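Enquirer: Structural data only, the sequence is not supplied:
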Ligand SMILES: *[C@@H]1O[C@H](CO)[C@@H](O)[C@H](O)[C@H]1NC(C)=O
């Protein structure tokens with residue numbers, strides 16, 4: 001009984017057992033086969049290598065592939081000390097790296113602001129200008145003749161070391177050309193006795209097309225009147241485009257030597273008009289440079305003039321207090337504008353919401 005069971009199990013497992021043992025046998029056979037092949041491999045490999053050599057002659061130096069001779073040369077091999085020689089690199093070409101990645105990528109900020117101040121006013125009007133425009137603009141730099149021992153906190157001040165006004169104007173333009181010309185599209189200059197509504201100036205340049213030669217501000221006749229052209233009056237500030245400044249660059253020395261003037265804004269205007277044939281304009285592409293001349297001791301909150309309300313710049317400002325009052329006045333107008341815009345947006349959204357309901 002047991003035996004017959006054993007037989008039947010064996011019979012059913014038979015093919016499996018045979019298959020497994022056949023597999024083992026075959027695998028053992030194949031191992032001995034490849035082992036036998038091993039000693040040959042060296043030679044065969046050489047053949048293959050030289051074959052490759054033949055094939056690759058065009059692409060490789062022949063000695064880069066090992067040949068049978070290598071065995072000999074390996075026996076002869078004696079270690080040698082190869083002295084380390086520093087490879088004399090040809091002086092590396094100096095790569096120009098811009099100060100900011102944005103410059104290197106060719107991206108520029110829109111607006112640079114330069115405030116023309118002085119030793120006597122930097123701590124009063126200068127600081128007031130800083131407090132009313134700095135946090136609205138990317139870059140505000142203060143330019144002065146001689147320097148105070150103490151520079152007001154948080155203000156970037158460049159001093160030219162001399163009180164002569166024309167010299168200072170020349171140095172200021174040169175400084176901007178040397179340091180900022182590749183980083184900005186527009187350059188705004190203003191005296192420290194002017195109030196600037198910074199957001200409006202910024203908005204103006206956002207709408208002006210770049211790469212034009214533009215000299216924009218409040219046009220003024222030259223004193224004497226017989227000289228042609230109009231310059232931008234410094235008290236109301238003015239905008240210079242990057243391309244205009246770049247064109248002026250090579251003539252700047254000439255202007256310093258040739259143009260006699262007692263007023264920096266006149267001197268710059270003369271230089272721009274004579275060498276680039278651009279006059280000061282107050283309007284361009286339908287956009288206007290609004291400015292307002294403040295009466296003596298006038299109270300901003302009582303000014304009724306429409307021109308005053310939309311001014312980009314207001315001049316003359318007599319003291320810091322008046323500057324802050326102007327700032328408050330214009331900030332309220334701008335705030336109201338923002339509220340109105342929000343209200344408009346809310347109204348314009350209403351119908352869409354009800355449609356969906
Ligand atoms: C000038 O403005 C900057 C930026 O708004 C501010 O951090 C700094 O304190 C200001 N300096 C003075 C003296 O008001």
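Expert: It's in. Everything numeric in this text was worked out from a predicted model, so none of it was measured.
Enquirer: Could you pull out the buried residues of stretch 317-337?
Expert: 317, 320, 322-327, 329-330 (16 or more other C-beta atoms under 10 Å). From N, CA and C alone the C-beta is placed, and that goes for glycine too.
Enquirer: near the ligand, which residues of this structure?
Expert: Within the chain, the positions near the ligand by C-beta under 6 Å from any ligand atom are 127, 130-131, 134-135, 152-155.
Enquirer: Give me the ChimeraX select line for the residues you listed, limited to the buried ones.
Expert: Restricted to buried positions by 16+ other C-beta under 10 Å, the ChimeraX selection for the residues of the chain next to the ligand reads:
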select :127,130,131,134,155
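Enquirer: Can you show me the strands along the stretch 151-300 of the chain?
Expert: 156-159, 184-191, 195-196, 215-217, 219-221, 230-232, 238-241, 283-284, 287-288, 291-293 (DSSP state E, counting those that start in this stretch).
Enquirer: what about the last one, distance to the chain center?
Expert: The reference is to strand 291-293. Strand 291-293 sits 33 Å away from the centroid of its parent chain (C-alpha atoms, centre = their mean, to the nearest Å).
Enquirer: Adjacent strands (with direction) for it?
Expert: Here strand 291-293 is paired, per DSSP bridges, with strand 313-315 (parallel).
Enquirer: Would you mind measuring the gap between the ends of stretch 126-137?
Expert: The first and last residues of stretch 126-137 sit 16 Å apart, counting by C-alpha to C-alpha, to the nearest Å.
Enquirer: Helices along the chain, start to end?
Expert: Secondary structure of the chain (DSSP state H): helices at 2-56, 69-76, 101-104, 127-133, 165-179, 198-207, 242-248, 252-258, 264-276, 306-309, 320-356.
Enquirer: Determine which of those shows the lowest mean per-residue pLDDT.
Expert: Mean pLDDT is lowest for helix 69-76 among those, at a mean of 50.
Enquirer: tally of neighbours for residue 123?
Expert: Burial of residue 123 is recorded as 16 neighbouring residues (other C-beta atoms under 10 Å).
Enquirer: cool, and residue 194?
Expert: By other C-beta under 10 Å, the residues close to residue 194 number 25.
Enquirer: any idea of the pLDDT on it?
Expert: At residue 194, the pLDDT value in this model is 98.
Enquirer: which non-adjacent residue is nearest it?
Expert: Of all residues not flanking residue 194 in the chain, residue 315 sits nearest, at 4.2 Å (C-beta to C-beta, 6 or more residues apart in numbering).
Enquirer: got a list of what that neighbour touches?
Expert: Going by C-beta atoms under 8 Å, 6 or more residues apart in numbering, residue 315 touches 191, 193-195, 235-236, 291-294.
Enquirer: So which of those is surrounded by the most neighbours?
Expert: That'd be residue 195 among the contacts of residue 315, by other C-beta under 10 Å, with 30 neighbours.
Enquirer: Quick check: bridge partners of that residue?
Expert: Taking DSSP bridges as the rule, residue 195 bridges to residue 314.
Enquirer: Let me know the distance separating it from the ligand.
Expert: Taking C-beta to the nearest ligand atom, to the nearest Å as the measure, residue 195 falls 16 Å from the ligand.
Enquirer: measure the residue lying closest to residue 305 once chain neighbours are set aside to the ligand for me?
Expert: Excluding the flanking residues, the one nearest residue 305 by C-beta to C-beta, 6+ apart is residue 292, at 7.1 Å. Going from residue 292 to the ligand by C-beta to the nearest ligand atom gives 24 Å.
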